[in-house]
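Novice: Pasting a predicted model and its sequence here:
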Amino acid sequence: MSRKVVGITCGVAEATGTSGLRHVLNDAYVRAIEEAGGIPVVLPSLSSPSPEAWMGYLDAIDGLLLTGGADIDPAHYGQARHAKLGEVQPMRDATEIPLVQQALERDLPILGICRGIQVLNVALGGTLYQDLPSESPSEIHHRQTDLGYKRSDFSHSIIIEPDSRLASIVGCREMKVNSLHHQAVRDVAPGLRVVARAPDGVIEGLESDRHRFVLAVQFHPEETAVHDHHSKRLFEAFLAALCGCG
């Protein structure tokens, strides 16, 4: 069986005095897909995205991995900017949101991570907490690097719905995860189901029951897959879905 191609979204780094605009992606995403048996292909954000461009991307890939990164402009879900909104990348929003919508129409398998769960929710009509610490205070610090944790460390657990795809993949109802975000899903979009939460109630997993494989998580399994079998199984299940055996 031929290896399947996974399109991986990426961020945009602004031009500096020594370089022009760049597209950036953490290596851990590429390695996680490669280790699971897929062929990773980076999908750049487009300056003038068009239906032809989105279709070209989707024609070239077997599955879509939505990665972490900058905040989503709240204009995409009908809100004004919060004072603590982080960096937004208009090119990335303009590329990813319609790309997700078109991928869903094609029933293309999707795995979302961190910003990925957020862009999936926004693309389907949901909203976000623009700054979780101020809008939904908690004893859990969801950006663990502020506390000196490494990206690959676990910092809290999540509780998983027993009848979910996520539970069947990881084989448990509670698992330890890392946490590297200041935004989170607020109002869940129609067609998506909450399948995991942190102990403080923050949404950590969404699924669609109407599609072949649509699963998104707020944590970063690509950073922990090298030492955690639960995280590794997420990528293996995603690749299995591309082969029609998941």
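Specialist: Ah, there it is. Given the structure is predicted, the values throughout are model-derived calculations rather than measurements. Residues are numbered from 1 along each chain as shown.

Novice: average pLDDT for stretch 54-63?
Specialist: Here stretch 54-63 scores 94 as its mean pLDDT.

Novice: So for it, what gets flagged as buried?
Specialist: Within stretch 54-63, the residues scored as buried using 16 or more other Cβ atoms under 10 Å are W54, Y57, L58, I61, D62, G63. Every C-beta, even on glycine, is put in place using the N, C-alpha and C of the backbone.

Novice: Could you export the residues you listed to a markdown table, including columns for secondary structure and distance to S48?
Specialist: Formatted as a markdown table, those follow (DSSP: H, G, I helix; E, B strand; the rest coil; distance: Cβ to Cβ, whole Å):
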| residue | secondary structure | distance to S48 |
| --- | --- | --- |
| W54 | helix | 12 |
| Y57 | helix | 14 |
| L58 | helix | 18 |
| I61 | coil | 21 |
| D62 | coil | 26 |
| G63 | strand | 25 |
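
Novice: Make CSV from those residues and add distance to G37 to it.
Specialist: Formatted as CSV, those follow (distance: Cβ to Cβ, whole Å):
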residue, distance to G37
W54, 26
Y57, 21
L58, 21
I61, 15
D62, 12
G63, 12
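
Novice: what helix or strand is I97 on?
Specialist: Assessed by DSSP states H and E, I97 sits inside helix 90-105.

Novice: got the buried residues for that helix?
Specialist: Residues of helix 90-105 classed as buried: 91-100, 102-104 (neighbour count, 16+ other Cβ under 10 Å).

Novice: Can you tell me which of those comes closest to E14?
Specialist: The nearest member of the buried residues of helix 90-105 to E14, counting by Cβ to Cβ, is M91 at 10.5 Å.

Novice: Would you confirm that the closest one contacts R22?
Specialist: No. The pair M91 / R22 is not scored as a contact, 11.9 Å apart, by Cβ atoms under 8 Å.

Novice: hey, what's in contact with both of these two?
Specialist: V12 (Cβ atoms under 8 Å, 6 or more residues apart in numbering).

Novice: ok so, going back, and the contacts of the helix holding I97?
Specialist: Outside helix 90-105, the residues that touch it by Cβ under 8 Å, 6+ apart are 9, 11-12, 43-47, 49, 51, 54-55, 57-58, 64, 66, 69-70, 72-73, 76, 110, 119-120, 122-124, 208, 211, 214.

Novice: Please consider this matter closed, and thank you.
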